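Novice: Return atomic coordinates for the entry below.
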Amino acid sequence: MAFRFGLLFVLGLSALFALSSQYDVEKMSPVGDTHPNKDSRIRCKSAPAFALAGALEVAYNKATGKKKAFSVQEVVDCFHKGCEKSRLEEIVDWLIVNDRLAHKDKYTEYKAKVFTCRAGTSPDGLVGFKVTGLTKITPDDFEAEIQSRGVVMACVDTTRGGCPSYDDSYRGGVIAGNSTRSYYHCMENVLITGFDDDSYTVRTSRGSSFGQAGYAKIARGSNACGIEGSMTVLDTESRRSKAGVNVRTMCPTAYPKYCQKTRTCKKSTQRCSPEIKQSSSASQYRPSGDSGSRPGPNYRPSGGTRPGPGIDQAEAHPAHTVATTLEMPGIKGM
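Specialist: As a prediction, this is how the structure comes out:
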């Protein structure tokens, strides 16, 4: 009898240990066709923004109990480097200074191009919590951190010398790669959303056709592709309210009225305009800055509306202060 009890006790401990050696975050928003082809990724290097948006989505859910995706396009439009290659910590520092970011459904879909920043006339998604920093962690800290915070951010070396199997032909299986890579070999930011004894589950920014609905598995325990040398977690802090924001629409208090069709905040005295479509005769806007190219008469930047007669240009598109140069404090723990 004592032997049977002892055996059951040992089996119970083994089952408990097995359960603690795996994890998956609650279902997140679909990956979507973010970067479905290589040309798009070359044109707009926004992988850090996608990793950050995913971490914010999980932090928002923990703070409010609601599930909302955040706008990567606002980061591209308003961060001073736009589509240029940027470090994750640079974007986090920018977000701490500006302390606002719209939800994806309140700004616009991802376009992989830089358009006019509309942060001053878009609802704010960072009301229930705020970002306070970025902390580097080690593989020894990983399990406790991901189960506490929900996700962990990392970066992988996607070159042939770093992670040769991590390419657009990948459709499944555990990816093994060079174990000597470090954060300095960072090529593509990813979001670690789960793990088991043998692998990490990562959410990529390569679109839903990549891997398993936009997710991949990378070998665990060997720093494959440099993933274990670049782990960081987002530091956040809950708050009940935020000054300067309309509590009903989350729009700036100066522009409390939200127009759903154009995803724009306006003054309470202004009317919501119907969505404007660019006519075929209108000159095409090229955000690359080619000389001589200007917005046509019906150009609508990322879902905004062009000022109509009687509306002052500054009033329709109020200035939004965006930090362009920052003293980079770096990542905690580095």
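Novice: Using the three-state scheme, assign residue 222.
Specialist: coil (DSSP: H, G, I helix; E, B strand; the rest coil).
Novice: ok, and the closest non-adjacent residue to it?
Specialist: residue 179 (4.8 Å; Cβ to Cβ, 6 or more residues apart in numbering). Every residue, glycine included, has its C-beta placed from N, CA and C.
Novice: In terms of helices and strands, where is that neighbour?
Specialist: Following DSSP states H and E, one finds residue 179 outside all helices and strands.
Novice: Wait, it touches residue 221, no?
Specialist: No: Residue 179 is beyond contact range of residue 221, at 9.6 Å (criterion: Cβ atoms under 8 Å).
Novice: So for those two, which residue has more residues nearby?
Specialist: residue 179 (16 against 12; other Cβ atoms under 10 Å).
Novice: Report pLDDT for residue 309.
Specialist: At residue 309, the predicted lDDT confidence score is 38.
Novice: One more: the one 3 residues further on?
Specialist: Each residue has a pLDDT score; the one for residue 312 is 39.
Novice: swap in the one 10 residues further on?
Specialist: We have a pLDDT of 42 for residue 322.
Novice: For stretch 250-258, what is the distance to the chain centroid?
Specialist: 24 Å (Cα atoms, centre = their mean, to the nearest Å).
Novice: Pull up the distance across it, start to finish.
Specialist: 9 Å (Cα to Cα, to the nearest Å).
Novice: can you check stretch 194-206 too?
Specialist: 18 Å.
Novice: Name the residues of it that are buried.
Specialist: Neighbour counts over stretch 194-206 (16 or more other Cβ atoms under 10 Å) mark 194, 195, 199, 200, 201, 202, 203, 204, 205, 206 as buried.
Novice: just stretch 230-249 next, same as before
Specialist: 230, 231, 232, 233, 234, 235, 236, 242, 245, 246, 249.
Novice: Kindly report the same for stretch 24-32.
Specialist: 25, 28, 31.
Novice: With stretch 254-273 instead?
Specialist: 255, 256, 257, 258, 259, 262, 263, 264, 265, 266, 270, 273.
Novice: first vs last residue of that stretch, how far apart are they?
Specialist: End-to-end span of stretch 254-273 (Cα to Cα): 18 Å.
Novice: Quick check: pLDDT value at the most centrally placed residue in the chain.
Specialist: By Cα atoms, centre = their mean, the chain has its centre lying nearest to residue 53, at 1.9 Å. You'll see residue 53 listed with a pLDDT of 96.
Novice: tell me, how many neighbours does the closest residue to it other than its chain neighbours end up with?
Specialist: Of all residues not flanking residue 53 in the chain, residue 70 sits nearest, at 4.3 Å (Cβ to Cβ, 6+ apart). Other residues lying near residue 70 total 25 when counted by other Cβ under 10 Å.
Novice: residue contacts, residue 70?
Specialist: For residue 70, the contacting residues are 53, 56, 57, 60, 101, 102, 103, 104, 125, by Cβ atoms under 8 Å, 6 or more residues apart in numbering.
Novice: Tell me the spacing between the fourth one and residue 104.
Specialist: It stands for residue 60. 12 Å (Cβ to Cβ, to the nearest Å).
Novice: Need the residues touching each of the two.
Specialist: Common neighbours of residue 60 and residue 104 (Cβ under 8 Å, 6+ apart) are 68, 70.
Novice: Please, which helix or strand holds the nearest residue to residue 211 once chain neighbours are set aside?
Specialist: The shortest distance from residue 211 to any non-neighbouring residue, by Cβ to Cβ, 6+ apart, is to residue 170 (5.3 Å). Element membership for residue 170 (DSSP H and E) is empty, with no helix or strand holding it.
Novice: Report whether residue 93 is found in a strand, as I expect.
Specialist: No: looking at residue 93 with three-state DSSP, it is helix, so not inside a strand.
Novice: Can you give me the pLDDT of it?
Specialist: pLDDT, read off for residue 93, is 97.
Novice: Tell me how far it lies from residue 48.
Specialist: 12 Å.
Novice: quick one: which of the two has more around it?
Specialist: residue 48 (26 against 21).
Novice: Buried ones in the one helix or strand the more buried one maps to, by neighbour count?
Specialist: For residue 48, the host element (DSSP H and E) is helix 47-64. For helix 47-64, burial by neighbour count (16+ other Cβ under 10 Å) applies to 47-63.
Novice: got the CA positions of that helix in CSV?
Specialist: The C-alpha trace of helix 47-64 is given here as CSV (Å, rounded to 0.1, in the frame of the first residue of the first chain):
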residue,chain,number,x,y,z
ALA,A,47,10.3,43.8,-37.5
PRO,A,48,11.1,45.5,-34.2
ALA,A,49,7.8,47.4,-34.4
PHE,A,50,5.9,44.2,-34.9
ALA,A,51,7.6,42.5,-32.0
LEU,A,52,6.9,45.5,-29.8
ALA,A,53,3.2,45.7,-31.0
GLY,A,54,2.8,42.0,-30.0
ALA,A,55,4.3,42.6,-26.6
LEU,A,56,2.0,45.6,-26.1
GLU,A,57,-1.0,43.5,-27.1
VAL,A,58,-0.3,41.0,-24.3
ALA,A,59,0.5,43.7,-21.8
TYR,A,60,-2.8,45.5,-22.6
ASN,A,61,-4.7,42.2,-22.1
LYS,A,62,-3.1,41.7,-18.7
ALA,A,63,-3.8,45.3,-17.7
THR,A,64,-7.4,45.5,-19.0
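Novice: Cool, thanks, talk later.
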